[in-house]
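[1] Sequence first, then the predicted structure:
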Amino acid sequence: MTVAQPDVSVIIGAYEAMPYLIECLASVEAQTIDQTRIEVIAVDDGSTDGTGEYLEEFAARAAMPVTVIRQENSGGPSGPRNVGLGKATGRYVFFLDADDRLGPEALRRMVAIADENGTDVVLGKVEGVNRSAPKSMWGSTVGRTDVYSSNIKFTLSAQKLFRRALLERHGMRFDESLFTGEDALFTMEAYLRADGVSIVADHTCYYLVGREDGKHVTKSGGYTLRFDSARALMTLIADMIPPGPKRDVLMVRPFVVTLLPQFGPRYLKDSDEVRRHKLELAKPLMEAYWNEDVARRLRVHERLRLHLVADQRPDLLKDVVAFVRAKKQAPAILEKKGRRLYLVYPYFRDREAGIPDCVYLADAREARAFPGYRESTVDTFMQRAARKVRRALPAREMRAAA
């Protein structure tokens, strides 16, 4: 008898996952999708806490087919995910971390929206449990979008539904040389290669669980790994997207999410040697990918810090970071009849520092919060131009024009 192809292969990489694994697997069993339409492939990555044994117990009693693979520790999440992906047979794959859990309708809703819209990647709404979770992309459920016209670039974790044919067609696997940010690289490539992306925002599909023992993978690793991650993601974007607005939109993500935190509050606690090293690591990335079009898409305090990183100005950077850490509201200066607003962070119009005014120029999103700001529009500009023309016309020509 021919066995029907499952809709979803749920791939679970597990290392020292007890007791979180219990709720994780229970959330798979609780899925409202027909359990004959899913398979589970669980890879125990050399655990010593009973994780492997519990996976085998689960496989023996579960209603859906479960494959358990036990291997020596690989040192990171990429290896187990790749092993699981190599065994998957479903039309779609979903990567579930062993310390997280699914919402009950997650797989049914994600498969349905992908099938309805013919999309290759589906994002299900994520909710944090004892930890933060991305928020900006869950405004509404969207049948079809892309990485340029949405905020999905700010959620590059692997916990998405991927059409397996897309991954196989492009030979996509997780980079096992990276020990942080490997999922960002994989997911960004999938976004860029996908024939459309869907968003399920009206149902919590994924619970991102903060472990009490602090062993969650995103908390591990030194600062040099973060620069490795930023470099890999920037290189991927540059290799796949030619210079221009589309590339600049995507570059915002590694600059703000991966690189900038290295020049946040922790920078003040770094030794002089570490500060110098961070600037050295950042220098080639700034030279290759930092430009005015990327800069203008950032908030002032983000833009200012990265400007100083690009200029290799540790003396000024430390003062700016201290100002940002204090969470002070930078004073505002309105010019051009209220249509231009500068935020007065340290060294604004300091002749010796020599930082251009444009670095401190707030965009409309930031400026709207300040009384007196008047947002310029194309219409008001055109209206002002038309008024100037009318004033310049002789009375007879103006009547004729009317």
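    Done, it's in.

[2] any low-confidence regions in this structure?
    Low-confidence segments of the chain, defined by pLDDT under 70: 1-2, 213-221, 377-402.

[3] Let me see the domain layout of it.
    Following the assignment in automatic domain parsing, the chain carries domains at 8-218, 223-378.

[4] just these: most buried one?
    Most buried of the domains of the chain by mean neighbour count (mean count of other Cβ atoms under 10 Å) is domain 8-218; its value is a mean of 19. Heads up, the C-betas are built off the backbone N, CA and C, glycines and all.

[5] element containing the closest residue to Pro77 other than its chain neighbours, please.
    In space, and not counting its chain neighbours, Pro77 is closest to Gly13: 5.4 Å by Cβ to Cβ, 6 or more residues apart in numbering. Using DSSP states H and E, Gly13 sits within strand 8-14.

[6] For that strand, enumerate the helices and strands it packs against.
    Secondary-structure packing of strand 8-14 (3 or more Cβ pairs under 8 Å, 6 or more residues apart in numbering; DSSP states H and E): helix 20-29, strand 38-45, helix 51-61, helix 78-87, strand 92-97, helix 106-117.

[7] Now render the ones you listed as a markdown table, adding distance to Gly124.
    Formatted as a markdown table, these follow (distance: least, Cβ to Cβ, whole Å):
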| stretch | distance to Gly124 |
| --- | --- |
| helix 20-29 | 13 |
| strand 38-45 | 15 |
| helix 51-61 | 23 |
| helix 78-87 | 18 |
| strand 92-97 | 9 |
| helix 106-117 | 5 |
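
[8] Can you check which of these gets nearest to Ile237?
    Closest approach to Ile237 among those (Cβ to Cβ): helix 78-87, 19.5 Å.

[9] From start to finish, how long is stretch 30-44 in a straight line?
    Across stretch 30-44, the terminal residues are separated by 22 Å (Cα to Cα, to the nearest Å).

[10] so Arg349 touches Pro356, yeah?
    No: using Cβ atoms under 8 Å, Arg349 makes no contact with Pro356, being 9.9 Å away.

[11] Strands along the chain, start to end?
    All strands of the chain, identified by DSSP state E, fall at 8-14, 38-45, 66-71, 92-97, 101-102, 121-129, 142-145, 161-163, 197-209, 332-335, 340-343.

[12] List of residues touching the fifth one?
    Surrounding strand 101-102, the residues in contact under the criterion Cβ atoms under 8 Å, 6 or more residues apart in numbering are 23-24, 26-28, 30-31, 96, 205-207, 209.

[13] Please compute how far that strand lies from its chain's middle.
    With Cα atoms, centre = their mean, to the nearest Å as the basis, strand 101-102 stands 20 Å off its chain's centre.

[14] How about the longest one?
    Strand 197-209 sits 14 Å away from the centroid of its parent chain (Cα atoms, centre = their mean).

[15] Mind giving me the packing neighbours of that strand?
    When contacts are defined as 3+ Cβ pairs under 8 Å, 6+ apart, strand 197-209 sits against strand 101-102, helix 106-117, strand 121-129, strand 142-145.

[16] Next, format the strands of the chain as JSON lines and append distance to Glu366.
    As requested, those are exported to JSON lines (distance: least, Cβ to Cβ, whole Å):
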{"stretch": "strand 8-14", "distance to Glu366": "40"}
{"stretch": "strand 38-45", "distance to Glu366": "44"}
{"stretch": "strand 66-71", "distance to Glu366": "50"}
{"stretch": "strand 92-97", "distance to Glu366": "35"}
{"stretch": "strand 101-102", "distance to Glu366": "37"}
{"stretch": "strand 121-129", "distance to Glu366": "26"}
{"stretch": "strand 142-145", "distance to Glu366": "25"}
{"stretch": "strand 161-163", "distance to Glu366": "35"}
{"stretch": "strand 197-209", "distance to Glu366": "26"}
{"stretch": "strand 332-335", "distance to Glu366": "9"}
{"stretch": "strand 340-343", "distance to Glu366": "7"}
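
[17] in the stretch 201-350 of the chain, which spans are helices?
    Shown for the stretch 201-350 of the chain, the helices assigned by DSSP state H, counting those that start in this stretch span residues 223-240, 245-253, 265-269, 272-289, 292-295, 300-310, 314-325.

[18] Partner strands of the strand holding Gly13 and their direction?
    With DSSP bridges as the test, strand 8-14 is paired with strand 38-45 (parallel), strand 92-97 (parallel).

[19] Output the last one as CSV, restricted to C-alpha atoms.
    It stands for strand 92-97. Extracted C-alpha coordinates of strand 92-97, given in CSV (Å, rounded to 0.1, in the frame of the first residue of the first chain):
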residue,chain,number,x,y,z
TYR,A,92,6.6,21.5,3.8
VAL,A,93,9.1,21.5,6.7
PHE,A,94,8.8,23.3,10.0
PHE,A,95,11.8,23.7,12.3
LEU,A,96,10.6,23.4,16.0
ASP,A,97,13.1,24.1,18.8
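
[20] Does Pro80 touch Ala14 like I think?
    Yes: counting by Cβ under 8 Å, Pro80 sits close enough to Ala14 to count as a contact (7.4 Å).

[21] Report the set of residues contacting both of these two.
    What both Pro80 and Ala14 touch, as defined by Cβ under 8 Å, 6+ apart, is the set 43, 45.

[22] just to revisit the earlier point, could you dump the strands paired with strand 8-14 into JSON lines with distance to Val300 added?
    Formatted as JSON lines, these follow (distance: least, Cβ to Cβ, whole Å):
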{"stretch": "strand 38-45", "distance to Val300": "43"}
{"stretch": "strand 92-97", "distance to Val300": "36"}
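
[23] who are the neighbours in contact with the residue nearest the centre of the chain?
    Central residue of the chain (Cα atoms, centre = their mean): Phe154, 2.6 Å from the mean position. Contact analysis of Phe154 by Cβ under 8 Å, 6+ apart lists 134, 136-137, 253, 257.

[24] and what of Ala367?
    Taking Cβ under 8 Å, 6+ apart, we find Ala367 in contact with 332, 341, 373, 375.

[25] export the residues you listed to TSV and tack on distance to Asp270?
    Putting the contacts of Ala367 into TSV (distance: Cβ to Cβ, whole Å) gives the following:
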residue	distance to Asp270
Ala332	31
Leu341	33
Tyr373	36
Glu375	39
